[in-house]
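Enquirer: Here's my sequence, what's the structure:
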Amino acid sequence: MDASDLPMGLRFGLDIDDYHAGPGISKSGLDDIERSPAIFYALHLDPARPAPRERAGQLEGQLAHCAVLEPDEFGKRYRVLPVMHRGTKAWKDLAGAAEADGLAPIQQDQYDTAMRQAESVRRLPEVREALERGHAEVSAYWSDPETGVLCRCRPDWVHPAGESGAIICDLKTCGDASPAEFARQAARKRYAVQDALYSDGYAAASGRETLAFIFVAVESEWPYAASAVMLDDESREVGRRAARRNLNTYARCLAANEWPGYSDRIEIVNLPAWAMKE
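Expert: Modelled structure (predicted):
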């Protein structure tokens, strides 16, 4: 679907499932394109593709996001139940009653973890200040100026800054929130591509300049330590070049309706540099 099929700009209050099922390529789509166009097609366009499965830790990440970014919504989305085995009749009865009321059942320990993560994040003074004003889960749509393809992103939090600026905050739950480990994780998970796509895309969709993109990392285990991290200019430029390469590949494949996969020949590969040293 091209840009003319959907109004450009910002969408507030869009259901997360509708966002994920909707048109446009997102950062996760660019990650799949990076693997191969065939994988992108299989995961996003193939009519025979299976329904997506919930990933390990997905619920815990959602709980942290709600507690940190939308604390007033927590009780409207979740019902806290006692800690018990989920296979028991008591749990099934209580969980069924919660779901009948439109609430997701969670256990007390899950609630406690999410609240402590929120407390830890809000002890970061600059992040706390940014979270005092703004919007959570803003869906942004724009047309890529070079290829014309429809793009989308959904910043966790957007803080308006000045008359025409914005600061984007993105919450990440992780095992180690130290800045040094986060840098390694950013390389593995292509967070620089996210920074570039969100910063440029939100600016295009909103007309506001993205003044900063802040990653807020909070750990999943006690004591739920948190840190705030920004990529340097050189790293952000690496992400911008990678995003451009992926967008160009996507546009070519979309236009030709051809989605090549991995090579069908036997390829010669090199061990990574660290393995060669050993």
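Enquirer: my read: residue 230 touches residue 212, true?
Expert: Yes: with contact defined as C-beta atoms under 8 Å, residue 230 and residue 212 form a contacting pair (6.5 Å). Where you see a C-beta, it was placed from the backbone N, CA and C, and this is true even at glycine.
Enquirer: Identify the residues contacting stretch 248-255?
Expert: Stretch 248-255 is contacted by residues 25, 29-30, 33, 37, 40-41, 144, 146-149, 259-260 when judged by C-beta atoms under 8 Å, 6 or more residues apart in numbering.
Enquirer: so where is the stretch 151-278 of the chain shaky, pLDDT-wise?
Expert: 278 (pLDDT under 70).
Enquirer: can you pull out the strands in it?
Expert: 157-161, 165-174, 209-219, 226-229 (DSSP state E, counting those that start in this stretch).
Enquirer: can you give me the helices for the stretch 51-200 of the chain?
Expert: 58-69, 74-77, 89-100, 108-121, 125-131, 179-188, 191-206 (DSSP state H, counting those that start in this stretch).
Enquirer: Dump the ones you listed into CSV; add mean neighbour count and distance to residue 221 as well.
Expert: As requested, the helices of the stretch 51-200 of the chain are exported to CSV (neighbours: other C-beta atoms under 10 Å; distance: least, C-beta to C-beta, whole Å):
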stretch, mean neighbour count, distance to residue 221
helix 58-69, 20, 11
helix 74-77, 13, 21
helix 89-100, 13, 24
helix 108-121, 18, 9
helix 125-131, 15, 20
helix 179-188, 14, 14
helix 191-206, 23, 21
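Enquirer: Mind putting these into CSV with distance to residue 48?
Expert: Below are the helices of the stretch 51-200 of the chain laid out as CSV (distance: least, C-beta to C-beta, whole Å):
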stretch, distance to residue 48
helix 58-69, 24
helix 74-77, 32
helix 89-100, 30
helix 108-121, 35
helix 125-131, 42
helix 179-188, 30
helix 191-206, 28
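Enquirer: looking at the ones you listed, which is closest to residue 277?
Expert: helix 179-188 (17.6 Å; C-beta to C-beta).
Enquirer: and the angle for that closest one with strand 209-219?
Expert: 110 degrees (axes from the mean of the first three to the mean of the last three C-alpha atoms, to 10 degrees).
Enquirer: Can you spell out which helices and strands pack onto helix 179-188?
Expert: Secondary-structure packing of helix 179-188 (3 or more C-beta pairs under 8 Å, 6 or more residues apart in numbering; DSSP states H and E): strand 165-174, strand 209-219, strand 226-229.
Enquirer: could you dump the strands of the stretch 151-278 of the chain to CSV with mean neighbour count?
Expert: Converted to CSV, the strands of the stretch 151-278 of the chain look like this (neighbours: other C-beta atoms under 10 Å):
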stretch, mean neighbour count
strand 157-161, 20
strand 165-174, 21
strand 209-219, 20
strand 226-229, 20
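Enquirer: Can I get the ones you listed in a markdown table including distance to residue 8?
Expert: Formatted as a markdown table, these follow (distance: least, C-beta to C-beta, whole Å):
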| stretch | distance to residue 8 |
| --- | --- |
| strand 157-161 | 17 |
| strand 165-174 | 17 |
| strand 209-219 | 17 |
| strand 226-229 | 30 |
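Enquirer: Quick one, which of those gets closest to residue 89.
Expert: Residue 89 sits nearest to strand 165-174 of all the strands of the stretch 151-278 of the chain, at 31.8 Å, using C-beta to C-beta.
Enquirer: Only C-alpha atoms, please: export that closest one in CSV.
Expert: Taking C-alpha atoms only, strand 165-174 is exported to CSV below (Å, rounded to 0.1, in the frame of the first residue of the first chain):
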residue,chain,number,x,y,z
GLY,A,165,10.7,20.6,18.7
ALA,A,166,10.2,17.1,20.2
ILE,A,167,12.1,14.7,22.4
ILE,A,168,11.5,11.0,21.8
CYS,A,169,11.9,8.5,24.6
ASP,A,170,12.0,4.7,24.0
LEU,A,171,11.8,2.3,26.9
LYS,A,172,13.8,-1.0,26.7
THR,A,173,13.6,-3.8,29.3
CYS,A,174,16.8,-5.8,29.5
